[in-house]
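> sequence-free structure coming up:
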């Protein structure tokens with residue numbers, strides 16, 4: 001195979017499927033897509049993740065499958081995980097009022113990025129606020145359904161104009 005710019009001969013091999021030249025180190029034939037064999041004596045350039053045992057390239061600092069750091073000591077990582085416990089009932093809603101985000105560990109909203117202002121927002125956990133908002137529409141619906149017949153009764157006499165009868169004939 002020749003370089004398209006300088007026409008110099010490039011090292012490579014031929015595809016056993018279609019016979020077209022391929023570049024050295026190519027895993028697949030660019031013409032037919034056939035998987036090429038590794039040159040004799042060359043081992044795959046992958047290592048195993050110490051956490052999930054999946055293959056990964058040695059250039060990676062983190063495993064793409066599980067996110068484990070290749071360079072972190074297992075004791076340090078386990079200790080960090082033990083210190084962090086997340087309780088979903090302790091989430092705090094954003095104090096913006098228009099945002100649906102929650103306050104992250106850095107004290108800022110995860111959606112809009114605004115800092116948390118406790119004097120603006122209630123300090124109740126998010127689950128409590130959601131329970132209150134979910135119960136309010138039901139109460140309002142009951143009140144509305146009770147008051148609707150009264151409104152209809154009030155509107156009915158006024159909404160029907162009486163026809164004046166001509167007594168003059």
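Yep, it's here. Computed from a predicted structure; not experimentally measured. Numbering: from 1, shown residues only.
> okay, now the nearest residue to residue 116 once chain neighbours are set aside: neighbour count?
Sequence neighbours aside, residue 103 is the residue nearest to residue 116 in space, at 4.6 Å (criterion: C-beta to C-beta, 6 or more residues apart in numbering). All C-beta atoms are positioned from the backbone trio N, CA, C, and that covers glycine. Per other C-beta atoms under 10 Å, the neighbour tally for residue 103 reads 20.
> do you know how far residue 103 is from residue 94?
The gap separating residue 103 from residue 94 is 7 Å, by C-beta to C-beta, to the nearest Å.
> run through this structure and note the low-pLDDT ranges.
Applying pLDDT under 70 to the chain flags residues 38-44, 71-87, 120-169.
> now the strands for it?
Along the chain, the segments classed as strands by DSSP state E run 12-14, 21-23, 47-48, 55-56.
> nearest to residue 115 among these would be which one?
Closest approach to residue 115 among the strands of the chain (C-beta to C-beta): strand 55-56, 37.9 Å.
> which strands or helices does the closest one pack on?
strand 47-48 (3 or more C-beta pairs under 8 Å, 6 or more residues apart in numbering; DSSP states H and E).
> run a quick check on residue 11 versus residue 26, I expect a contact.
No - Residue 11 lies out of contact with residue 26 (C-beta atoms under 8 Å); the separation is 10.9 Å.
> quick one: which of the two has more around it?
More crowded of residue 11 and residue 26, by other C-beta under 10 Å: residue 26, with 15 against 8.
> distance of the more buried one from residue 46?
17 Å.
> excluding sequence neighbours, find me the nearest residue to residue 104.
Once flanking residues are discounted, residue 104 sits nearest to residue 110: 4.8 Å by C-beta to C-beta, 6+ apart.
> what's the burial count for that neighbour?
For residue 110, the neighbour count with other C-beta under 10 Å is 15.
> in contact with it, which residues?
Contact partners of residue 110, counting by C-beta atoms under 8 Å, 6 or more residues apart in numbering, are 101, 102, 103, 104.
> switch the cut-off to 10 Å
Residue 110 sits next to 91, 94, 99, 100, 101, 102, 103, 104 when contact means C-beta atoms under 10 Å, 6 or more residues apart in numbering.
> now do residue 22
Residues near residue 22 by C-beta under 10 Å, 6+ apart: 1, 10, 12, 13, 14, 15, 28, 29, 30, 31, 34, 36.
> try 8 Å
So residue 22 contacts 1, 12, 13, 14, 15, 29, 30, 36 (C-beta under 8 Å, 6+ apart).
> which among those end up buried?
Among the contacts of residue 22, those that count as buried by neighbour count (16 or more other C-beta atoms under 10 Å) are 1, 13, 15, 29, 36.
> grab the nearest non-local neighbour of residue 16.
Distances taken as C-beta to C-beta, 6+ apart put residue 34 closest to residue 16, at 7.1 Å, once the chain neighbours are dropped.
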